[in-house]
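>>> Predicted coordinates and the sequence they were generated for:
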Amino acid sequence: MPKYDPKVIESKWRKIFGEKKIYEPEIDNDREKFFTTVPVIYPTGLLHLGHLYTWTRADIYARFMRMRGFNVLFPQGFHMTGGPMVGMSLRLKNREKKAVDMMKDQGVSDEEIEKFSNDPIALGLYFSDTYIKDFDAAGMSIDWRRLFILSQTPQYSKFVEWQFNTLKRLGLIVQGTHPVIWCPKEDTPLGDHDRLSGEGESPLKFSVIKFRMEDYILPVGTLRPETMFGVANLWLNSRIAYKKLTLDSGEEWIVSGEFARKIRYLLKTVKKEEDFDVSSVMGKNAKNPLNGADVPVFDADFVDGDAMTGVVMSVPMHAPVDFVYANRSGALEKLGGRPKKIIDVEGEENLVEDAIKRFGETPEGLDKATKYVYKKEFSSGILNTNCGKFANTAVDKAREKIKDLLREKGSYEDMYEPSGAVVCRCGANGVVKLLENQWFIHYSDRELKEKMLRAVEEMKICPEEVRVPLVSAINGLEDKAAARHGGLGTPLPWDKNWLIEPLSDSTIYMAYYTIADTANKMRPEELDDRLFDYVFLGKKDSSPYPDEAEKMRKEFLYWYPVDMRTTAKELVPNHMVFFIANHVAIFDRDKWPKAMSINGWLVVNKQKMSKSKGNTMGISEAVESYGTDSVRLIATASDGIDDAEWDTSNINTVYQKIETLMDLIEILDDFKGHKKLIDKYALSKAARITRDATEDYGNMLLRSAVQRTFFDGVQLLKEYLELGGYNGETLRELIRRIVRLNHPIFPFVTEELNSAMGGKELLEGGKSWPEYDEREISRLIDSEVEVVRNTISDIRNLTKILKISPKKVRIGISKPENFDLYNRIVEETKNTRNANEIRKKIRSSSKLADKLLKNPNRLPENGLDHDTETKLFEETKESISRIFGCEVIVESSDDDKAIPGKPALTIS
RNA sequence: GCAGGGGUAGCGAAGCGGUCAAACGCGUAAGGCUUAGGACCUUAUGGCUCAGGCCUUCGAGGGUUCAAAUCCCUCCUCCUGCACCA
């Protein structure tokens, strides 16, 4: 019968915590508040351990702060905005086998599946119910009174309307066109989840430059407008079909058949389309719109009708493909030799030719060469004197200037194509469509970005390494389309045809938590902009407000801002950025978020835990097998944003150590020894653990924290006993520390241990975090105990080598004057580690000095003490004698082998 | 393409200028305990030694320093993110 039975202990304390309503905090002006959140979650399937990782981390922090006396608020809501639930529902409706199986695997009945296939909300509500149970089972200290569901709780929808009206008032809502990957067959945006292939591809902007020839236009597609001065000729491919398009501007464009199809999605109206035979233009001249030069059109089979417009300009001196093809096809001869170079790169005379030599003329080699040349020229190229007024302009600058000039002349347009092939689930090839009249949040606003950067600067970020990607995400932030037509969501208040999109309605909802308990009980129509303006911004006019207004205002002022937001790393470049942006846009500076904590994923055999991979474990299953406290160990699986391996093998160790603690607590009263040096050591170590662990918890370094508090902590107990510690008071203090320091991670069993030790107050009740006194920490005693440990290990080695079982061990402590010398040398290493310099300083030529100075790098940072060392060995000699089963004599020694910190050993 | 982060023992993972052959965990081996297995406890686990010692290592190659896994440069190599999608 095991001593430690998690089930019994956990249900006991769960009940007590619930009765005390510890997780349902109210305003308390005598206590400092701490408000922590984790993002809302989509209930489209059962929760698994992978999810729990983030929440447990947040919960541990919440409990840590509670123990330190803070009034902690930890709410949780759900998200039903957007496509995921509608998508799942649709897949069930279509009886997609994978979707149906997934539901059945999760214990959903046929009847319910039928219901879900017509009602996505029912699906969401079904799973969100299981989430609440699972979060509770996993010991989350969540205040469920404040629960709400994004885009479903009508009161919350009023809040989102207020958010958008406020953004609009602030000038942060703009309207414009926006490119998206589009399915031409289904006439809908083609999100990553809807793609058969081409996940991650996005619209790529390219330049169209109009070369004129007779009455029509040859629209060249290019990514490098800066090479316009070096155009030798144009390439068309007589093997593919071309069309002549008459646009509503009256222009006639010659483009590939493929592009003729795609251009219609790019806001171009095609009035007339006819076949066009490009052989009629081969050899004729077109006009370079930048410098008016005549450039001939040549035939080239490498031109791909599917890439850009199907009209390509040839820049042989700056594009490997052009160079090779111009040579092979004899185009160079027709042109009368090599064209001029127009971009210089320092130290590169023949960049293109060298690149071709280096990578070869195979298609793959040319591809590499092209990338190489583009990169070189873009990063360090400068336009030369062949470029008229653009001479001496760096390529990146010249590119924009040339675009502007061409645009002025009416010879330039931006166009888009997918950055790679995209295929829709329906089988159609994706194109880029420009959406008109789309509503954007104006995240690219300069002032807004500056405020965001300021907010991030002041923000505590755990781990600190996330700051760099966060700042770069902010710098690269563009306007974000904030509304869409499909899925679930709150209608845009001023244009009800659009629904507010998920990432946009989930940016400041944490403010709503502060008032949720009150607001959720009100009628939605009471929650108008005027009320919210008062509650959140303090803007008040003289007309009457609902009775709840004052209460809500107080709640918001007390709880806000968010003190800690915990989430997984994939949300950093999107949600976290928008979260910050909307806060700094809408709220006063003292309401900006204070800290964020980012973690990786929980992985199994290096694979992310996910339902589709089938490598998940359900919460109730895990809790059933291991107990809540042990399952919570997942939160300590990794520090930083690296992925964390779910490893159950140390759960056994945890059980074992907990039982050790239980055993010791039972017999605490039997320890009646005096306090000795080893007591001083144990307390020093415990103080150090307390100090370091407090810092670890504060920085969300939970792996390190559990290492110190639990594994090192229990190890310390064993060490204390092994080295002859026998004082009940010390032991009690050590256990008291260990129990408290571990409570955030193991809230139930530590509460049990605390009460077993006679603790009357709940650890969970607050102000239970252990203090420590810096003066308790003694480096000297730590070092001297290490000397004892090393000596024991040396004795062991020696007996092994000598192959004897010792009868007598003499431990010869070095003489006091040697300690003086030793300490002087150690002191000197603070200035230098140069052996000769130290020798000069200490002016000693003793053998000991020689030995120590042989490698000054190996000297420790702090000194030793003769009396302490002697006394410690005297005190521990009984323990040593017990280990080796022999007599142990501690004496002073003249032997050269006796060095401070390394006594001479004589074994017989 | 742009941006960011890595490469340390059989594995996971600390260390981020000096007490470092490298914490801790897993794995492996031996011993103890046990009717047996498991669990647990002890010890060992880079190489060579065997009176407490020596040598070699932290992706590769250079450099800075009295001192580098740690700082700088080059190269190789592996991840991750890039927007309307949560």
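Done, it's in.
>>> only C-alpha atoms for contact and neighbour calcs from this point on.
Will do.
>>> Put the alpha carbons of stretch A:202-210 into CSV.
C-alpha atoms of stretch A:202-210 as CSV (Å, rounded to 0.1, in the frame of the first residue of the first chain):
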residue,chain,number,x,y,z
SER,A,202,1.3,34.2,-50.2
PRO,A,203,0.7,36.9,-52.8
LEU,A,204,3.9,38.2,-54.2
LYS,A,205,4.1,41.6,-55.7
PHE,A,206,5.9,42.1,-59.0
SER,A,207,6.5,45.1,-61.2
VAL,A,208,4.9,45.4,-64.6
ILE,A,209,6.7,47.8,-66.9
LYS,A,210,5.1,48.8,-70.2
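>>> Pull the residues that contact it.
Stretch A:202-210 has contacts (CA atoms under 8 Å, 6 or more residues apart in numbering) with A:179-181, A:217-225, A:289, A:308, A:406, A:411-420, A:432.
>>> for the stretch 301-450 of chain A, what spans make up the strands?
A:312-314, A:343-345, A:381-383, A:412-418, A:423-424, A:431-441 (DSSP state E, counting those that start in this stretch).
>>> Find the one among the ones you listed with the highest mean neighbour count.
strand A:312-314 (a mean of 25; mean count of other CA atoms under 10 Å).
>>> Neighbouring strands - and their directions - for that strand?
strand A:233-236 (antiparallel) (DSSP bridges).
>>> Tell me the gap between the partner strand and the middle of its chain.
Put simply, strand A:233-236 sits 47 Å off its chain's centre (CA atoms, centre = their mean, to the nearest Å).
>>> how about the very next helix or strand once past that strand: buried residues?
Per DSSP states H and E, the first helix or strand lying C-terminal to strand A:233-236 is strand A:242-247. Of all the residues in strand A:242-247, those buried under the rule 16 or more other CA atoms under 10 Å are A:242-246.
>>> residues from the stretch 51-200 of chain A in reach of RNA strand B?
Within the stretch 51-200 of chain A, the positions near RNA strand B by CA under 7 Å from any atom of the strand are A:79, A:81-84, A:178-181, A:189-193, A:200.
>>> Pick out whichever of those residues sits closest to residue A:132.
Of all those, residue A:79 has the smallest distance to residue A:132: 13.6 Å, by CA to CA.
>>> Of the strands of the stretch 301-450 of chain A, which is nearest residue A:898?
strand A:343-345 (68.4 Å).
>>> packing partners for that closest one?
With contacts defined as 3 or more CA pairs under 8 Å, 6 or more residues apart in numbering; DSSP states H and E, strand A:343-345 has these neighbours: helix A:363-380, strand A:381-383.
>>> what's the last one in contact with?
It refers to strand A:381-383. By CA under 8 Å, 6+ apart, strand A:381-383 touches A:342-346, A:390-395, A:398.
>>> Output the helices and strands packed on strand A:343-345 in TSV, with distance to RNA strand B and mean pLDDT appended to each entry.
TSV is the format used below for the helices and strands packed on strand A:343-345 (distance: least, CA to the nearest atom of the strand, whole Å; pLDDT from 0 to 100):
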stretch	distance to RNA strand B	mean pLDDT
helix A:363-380	6	72
strand A:381-383	13	79
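>>> one step back: please flag which of the residues of the stretch 51-200 of chain A next to RNA strand B sit within helices.
Residues of these located in helices (DSSP state H): residue A:84.
>>> re the thing from before, so which of the buried residues of strand A:242-247 also contact RNA strand B?
Applying CA under 7 Å from any atom of the strand to the buried residues of strand A:242-247, none is adjacent to RNA strand B.
>>> Using JSON lines, lay out the strands of the stretch 301-450 of chain A together with distance to residue A:299.
Shown next, in JSON lines, are those (distance: least, CA to CA, whole Å):
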{"stretch": "strand A:312-314", "distance to residue A:299": "11"}
{"stretch": "strand A:343-345", "distance to residue A:299": "26"}
{"stretch": "strand A:381-383", "distance to residue A:299": "29"}
{"stretch": "strand A:412-418", "distance to residue A:299": "24"}
{"stretch": "strand A:423-424", "distance to residue A:299": "30"}
{"stretch": "strand A:431-441", "distance to residue A:299": "27"}
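>>> Might you name the residue of chain A sitting closest to RNA strand B?
Nearest residue of chain A to RNA strand B, counting by CA to the nearest atom of the strand: residue A:860, 3.3 Å away.
>>> So that residue belongs to a strand, correct?
No: the assignment for residue A:860, made by DSSP: H, G, I helix; E, B strand; the rest coil, is coil rather than a strand.
>>> burial measure for it, as a count.
Residues lying near residue A:860 (other CA atoms under 10 Å) number 12.
>>> my guess is it contacts residue A:826, does it?
Yes: between residue A:860 and residue A:826 there is a contact under CA atoms under 8 Å: 7.0 Å.
>>> nearest residue to residue A:281 other than its sequence neighbours?
residue A:297 (6.8 Å; CA to CA, 6 or more residues apart in numbering).
>>> Run through the residues that contact that neighbour.
Counting by CA under 8 Å, 6+ apart, the residues that residue A:297 touches are A:233-236, A:281-286.
>>> ok, now residue A:591?
Contacts of residue A:591 by CA under 8 Å, 6+ apart are A:560-562, A:583.
>>> In contact with the closest residue to residue A:36 other than its chain neighbours: list those residues for me.
Among residues not flanking residue A:36 along the chain, residue A:564 sits closest, at 4.7 Å (CA to CA, 6+ apart). Residue A:564 is in contact with A:35-37, A:593-597, counting by CA under 8 Å, 6+ apart.
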